[in-house]
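Asker: need coordinates for the following:
(chains A and B)
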Number of protein chains: 2
Amino acid sequence: MKIGILGGGNVGGALGVSWTAKGHEVFYGVRNPESPEMAEILAKSGGSAHAGSATEAAAFGDVIVNALPWPATKDVLTALPLAGKVLLDCSNPLLPGLSGLEVGTTSSGGEKVAEWAKGAKVAKVFNTTGFGNMEDPVYQGAAILMFYCSDDGDARRVAAMLAADTGFEPVDAGPLANSRLLEPYALLWIWLAVKGGFGRDFAFTLARR
Amino acid sequence: MKIGILGGGNVGGALGVSWTAKGHEVFYGVRNPESPEMAEILAKSGGSAHAGSATEAAAFGDVIVNALPWPATKDVLTALPLAGKVLLDCSNPLLPGLSGLEVGTTSSGGEKVAEWAKGAKVAKVFNTTGFGNMEDPVYQGAAILMFYCSDDGDARRVAAMLAADTGFEPVDAGPLANSRLLEPYALLWIWLAVKGGFGRDFAFTLARR
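Answerer: Residues are numbered from 1 along each chain as shown, chains lettered A, B, ... in the order given. Reported below is the predicted structural model:
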């Protein structure tokens, strides 16, 4: 397959190197095709990889991969002729300092709850999996995860303790505003369970090397 | 610990039964404390559990747990005196038909990209983990997950194939609008890696019973 990768950073490089090893032809579209970073990626990619402009990458690829940083994405994509091409988008609309997402997240149920329950010490927890997993959170001998987030020390401690008492492995997911991450995570679980054909006997877990 | 659970549905019941088994005292605040469903949960919860109104549950608990359906959450919480209490919020602001979240998600980078790349067949993929995991997506012999979502059959097939070629287990996460789920999921990974002390050598995986 002929793949045009927009961006030659960590993600574009990792994917391109992996795909050339599988026999795909890769063309990196970057601002500076002569950079030392690009030379290193090309060396790792073997003889079938090339580097040039974004326009050349878009013309080369049957499949185009957006591995640009988010701030560059709009200008580059709107300038390219991409009609009819498959475009794989690897970007994330991250705000500076990882404080959130520029697009799509403006609030959360957890923050609303804190607004409504005046003065309460709120933690978001027990929202990211189904009740069957709450009844039995042990899969093949291993506790599954329970994320919690809060701005309050007491609420954090109680959330962690009760998650452990329920049989989960509690994981601190940061401030209450991270409900903006845990609620979509919950809907992903629900979507897979109900619409994605997974059923309810699965859980998100975490692997370490 | 004295715990007031608002709601006696699947989630409230699962948590309450689990916690009474651990020696916590539980009071379920529900609309109908005499219902057969409540009687069943109380029977499973042993002698230390009670049922009554939301107001009674809020007065009883040092810790309050919101296990209400989202549409009921605002009215119940605003009516209760919760100042100073720890409140664990298990709700998710689900829209009818699981079509999305009522609060907080309005768009996504993936949808913006589809708008900017006119006519392209867009899939969201390779956004949910770090480049180190793209270079080596096998943890202890098992491929980690790569979610993709798209409204286009060609884009879906290419995303799945290239995810597999990279060494991931591809998982179909539905329509392109589910980028609203995959991008916060990505930020959760990034947050844990960079701010949560996990480092980058971990991955979200999926366990089945």
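
Asker: switch to C-alpha atoms for all contacts and neighbour counts from now on
Answerer: Fine.

Asker: name the helix or strand for the nearest residue to residue A:125 once chain neighbours are set aside, please.
Answerer: Excluding the flanking residues, the one nearest residue A:125 by CA to CA, 6 or more residues apart in numbering or on different chains is residue A:148, at 4.5 Å. Secondary structure from DSSP states H and E places residue A:148 in strand A:145-150.

Asker: coming back round to it: wait, the residue nearest to residue A:125 touches residue A:169, no?
Answerer: No: using CA atoms under 8 Å, residue A:148 is not in contact with residue A:169, being 10.6 Å away.

Asker: these two: who's more crowded?
Answerer: Taking neighbours as other CA atoms under 10 Å in any protein chain shown, residue A:148 and residue A:169 compare with residue A:148 leading, 30 against 19.

Asker: list the buried ones in stretch A:77-88?
Answerer: Across stretch A:77-88, burial judged by 16 or more other CA atoms under 10 Å in any protein chain shown covers A:77, A:80, A:82, A:85, A:86, A:87, A:88.

Asker: between those residues, which is closest to residue A:132?
Answerer: residue A:88 (34.9 Å; CA to CA).

Asker: for whichever strand or helix holds that closest one, packing partners?
Answerer: Element membership for residue A:88 (DSSP H and E) is strand A:86-89. When contacts are defined as 3 or more CA pairs under 8 Å, 6 or more residues apart in numbering or on different chains; DSSP states H and E, strand A:86-89 packs onto strand A:63-66, strand B:121-125, helix B:153-166.

Asker: neighbouring contacts of stretch A:22-34?
Answerer: With contact meaning CA atoms under 8 Å, 6 or more residues apart in numbering or on different chains, stretch A:22-34 is reached by A:1-8, A:12, A:16, A:19-20, A:38-39, A:48-58, A:60-61, B:165.

Asker: in helices, which of those fall?
Answerer: A:12, A:16, A:19-20, A:38-39, A:54-58, A:60, B:165 (DSSP state H).

Asker: highest neighbour count among the residues you listed?
Answerer: residue A:16 (29 neighbours).

Asker: find the nearest non-adjacent residue to that one, please.
Answerer: residue A:26 (6.3 Å).

Asker: can you give me phi and psi for that neighbour?
Answerer: Backbone torsions for residue A:26, taken as degrees, to the nearest 10, come to phi -120, psi 140.

Asker: what is the burial count for it?
Answerer: The burial count for residue A:26: 29, using other CA under 10 Å.

Asker: any weak-confidence spans in chain A?
Answerer: Along chain A, segments meeting pLDDT under 70 span A:104.

Asker: mind giving me the domain ranges of it?
Answerer: A:2-91, A:109-194 (automatic domain parsing).

Asker: most centrally placed residue in chain A?
Answerer: The centroid of chain A falls nearest to residue A:92 when counting by CA atoms, centre = their mean (7.2 Å).

Asker: need the contact list for that one.
Answerer: With contact set as CA under 8 Å, 6+ apart, residue A:92 has these partners: A:69, A:70, A:101, B:109, B:127, B:183, B:186.

Asker: and it, that's in a strand?
Answerer: No: assessed by DSSP: H, G, I helix; E, B strand; the rest coil, residue A:92 does not belong to a strand; its assignment is coil.

Asker: that older thread, just the helices and strands packed on strand A:86-89: most buried one?
Answerer: strand B:121-125 (a mean of 31; mean count of other CA atoms under 10 Å in any protein chain shown).

Asker: pull the longest helix from chain A.
Answerer: helix A:179-194.

Asker: quick check: next helix or strand after it?
Answerer: Using DSSP H and E, the first helix or strand after helix A:179-194 is strand A:202-208.

Asker: which other helices and strands does that next one contact?
Answerer: Other helices and strands packing on strand A:202-208, by 3+ CA pairs under 8 Å, 6+ apart, are strand A:145-150, helix A:179-194, strand B:202-208.

Asker: from the chain's centroid, how far away is that strand?
Answerer: 15 Å (CA atoms, centre = their mean, to the nearest Å).

Asker: ok and it relative to helix A:179-194, angle-wise?
Answerer: Orientation of strand A:202-208 against helix A:179-194 (axes from the mean of the first three to the mean of the last three CA atoms, to 10 degrees) gives an angle of 120 degrees.

Asker: any idea of the angle strand A:202-208 forms with strand A:145-150?
Answerer: With the same axes, to 10 degrees as the basis, strand A:202-208 and strand A:145-150 are set at 80 degrees to each other.

Asker: buried residues, strand A:202-208. List them.
Answerer: For strand A:202-208, a neighbour-count test (16+ other CA under 10 Å) marks A:202, A:203, A:204, A:205, A:207 as buried.

Asker: direction included, what does that strand pair up with?
Answerer: Looking at strand A:202-208 with DSSP bridges, its partner strands are strand B:202-208 (antiparallel).

Asker: what's in contact with the partner strand?
Answerer: A:139, A:201-209, B:129, B:133, B:144-145, B:189, B:193.

Asker: follow-up on the earlier one: put the alpha carbons of the longest helix of chain A into PDB.
Answerer: Once non-C-alpha atoms are left out, helix A:179-194 reads as follows in PDB (Å, rounded to 0.1, in the frame of the first residue of the first chain):
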ATOM      1  CA  SER A 179     -14.500  13.800  34.500                       C
ATOM      2  CA  ARG A 180     -14.400  15.200  30.900                       C
ATOM      3  CA  LEU A 181     -12.100  12.200  30.200                       C
ATOM      4  CA  LEU A 182     -13.800   9.500  32.400                       C
ATOM      5  CA  GLU A 183     -17.300  10.100  31.100                       C
ATOM      6  CA  PRO A 184     -16.400   9.600  27.400                       C
ATOM      7  CA  TYR A 185     -14.300   6.600  28.600                       C
ATOM      8  CA  ALA A 186     -17.500   5.300  30.200                       C
ATOM      9  CA  LEU A 187     -19.500   5.800  27.000                       C
ATOM     10  CA  LEU A 188     -16.800   4.000  25.100                       C
ATOM     11  CA  TRP A 189     -17.300   1.000  27.400                       C
ATOM     12  CA  ILE A 190     -21.100   1.200  27.100                       C
ATOM     13  CA  TRP A 191     -20.900   1.600  23.300                       C
ATOM     14  CA  LEU A 192     -18.700  -1.400  22.900                       C
ATOM     15  CA  ALA A 193     -20.900  -3.400  25.300                       C
ATOM     16  CA  VAL A 194     -24.200  -2.500  23.800                       C
END
